[in-house]
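# what shape does this take:
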Amino acid sequence: MSRNSPDTSLRVFNAIKYYKLPITRAVLVSGASLAPYLKAFKTDLFLSAYEEDVQAAINFGIAAGIICESNPKKYAEFRKQEPIKIAFDGDAVLFSDESETIYKARGLAAFEENERKNAKKPLMEGPFANFLKIISDLQREYPAESVPIRTALVTARCAPAHERVIRTLREWNVRIDEAFFLGGIEKKEILKAFGAHIFFDDQSVHTIPASEVVPAARVPSPEKEAV
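Alright, predicted model coming up:
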């Protein structure tokens with residue numbers, strides 16, 4: 001999908017052919033918004049440098065992220081790695097921002113008390129919940145020793161706020177291969193060690209440092225009035 005004009009499609013498809021990419025469909029809208037076509041094409045994940053399109057996709061209920069500017073040469077070591085490794089933040093990405101809102105408004109102590117009280121109450125779904133469920137369904141189609149996708153939760157949460165997360169994932173019946181409850185430790189080095197092919201987080205304070213070592217995308221909050 002591109003904001004380019006149909007006239008550019010020959011160059012696009014020639015490049016696709018040159019790089020031997022299995023792409024056969026295209027949407028070229030001459031500068032218009034791509035958002036109205038995302039559901040028509042049954043899009044599960046939308047990535048773009050255009051914040052307007054990403055915001056619209058999120059408002060439509062589609063997992064979407066704003067790609068951070070970076071130097072692709074830094075990621076060369078990850079390109080041929082298997083399996084594909086996808087890392088997610090928790091609050092406001094996999095889960096709703098309900099708990100994060102409490103943290104921002106009332107501080108860490110209030111956040112931890114809320115999570116302790118609601119440890120057995122599943123968190124509400126966030127923008128990437130459905131995408132994680134799709135990945136989990138794909139993983140079940142392969143033998144355990146040859147699953148082509150590996151996932152990780154990389155969150156600033158720590159004990160006691162971890163319990164609600166684990167119980168929520170159990171309730172959703174989804175698989176997370178690795179989980180990192182960092183409790184304030186910077187995510188950058190963890191993501192590098194994991195070898196993420198892409199990392200999704202809702203805050204630039206995490207995606208910008210992360211993009212120095214792995215591809216990263218910022219997930220905007222849904223606009224309440226637009227949902």
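# quick one, what contacts the residue sitting nearest the centre point of the chain?
The centroid of the chain falls nearest to residue 200 when counting by CA atoms, centre = their mean (3.6 Å). Shown in contact with residue 200 (CB atoms under 8 Å, 6 or more residues apart in numbering): 65, 86-89, 93, 128, 216-217, 219. C-beta: built from backbone N, CA, C; applies to glycine.
# let's see that with 6 Å instead.
By CB atoms under 6 Å, 6 or more residues apart in numbering, the contact set of residue 200 is 65, 88, 93, 217, 219.
# Three-state assignment for residue 87, please.
strand (DSSP: H, G, I helix; E, B strand; the rest coil).
# likewise for residue 66?
Residue 66 ends up strand, using three-state DSSP.
# for residue 153, see how far away it is.
Residue 66 sits 21 Å away from residue 153, going by CB to CB, to the nearest Å.
# how about residue 204?
For residue 204, the distance to residue 153 - CB to CB - is 20 Å.
# what of residue 128?
11 Å.
# mutual contacts of the two, please.
residue 88.
# who's more crowded, the two?
residue 128 (26 against 23; other CB atoms under 10 Å).
# what does the more buried one show for phi and psi?
phi -110, psi 10 (degrees, to the nearest 10).
# in a strand, the residue nearest to the centre of the chain, correct?
Yes - counting by three-state DSSP, residue 200 is located in a strand.
# longest strand in this protein, please.
strand 149-155 (DSSP state E).
# and that strand, what does it pack against?
Counting contacts by 3 or more CB pairs under 6 Å, 6 or more residues apart in numbering; DSSP states H and E, strand 149-155 packs against strand 84-88, strand 178-181.
# go again using 8 Å as the cut-off
strand 84-88, helix 129-140, strand 178-181, helix 188-194 (3 or more CB pairs under 8 Å, 6 or more residues apart in numbering; DSSP states H and E).
# surely residue 168 meets residue 119?
No - at 10.0 Å, residue 168 does not count as touching residue 119 under the criterion of CB atoms under 8 Å.
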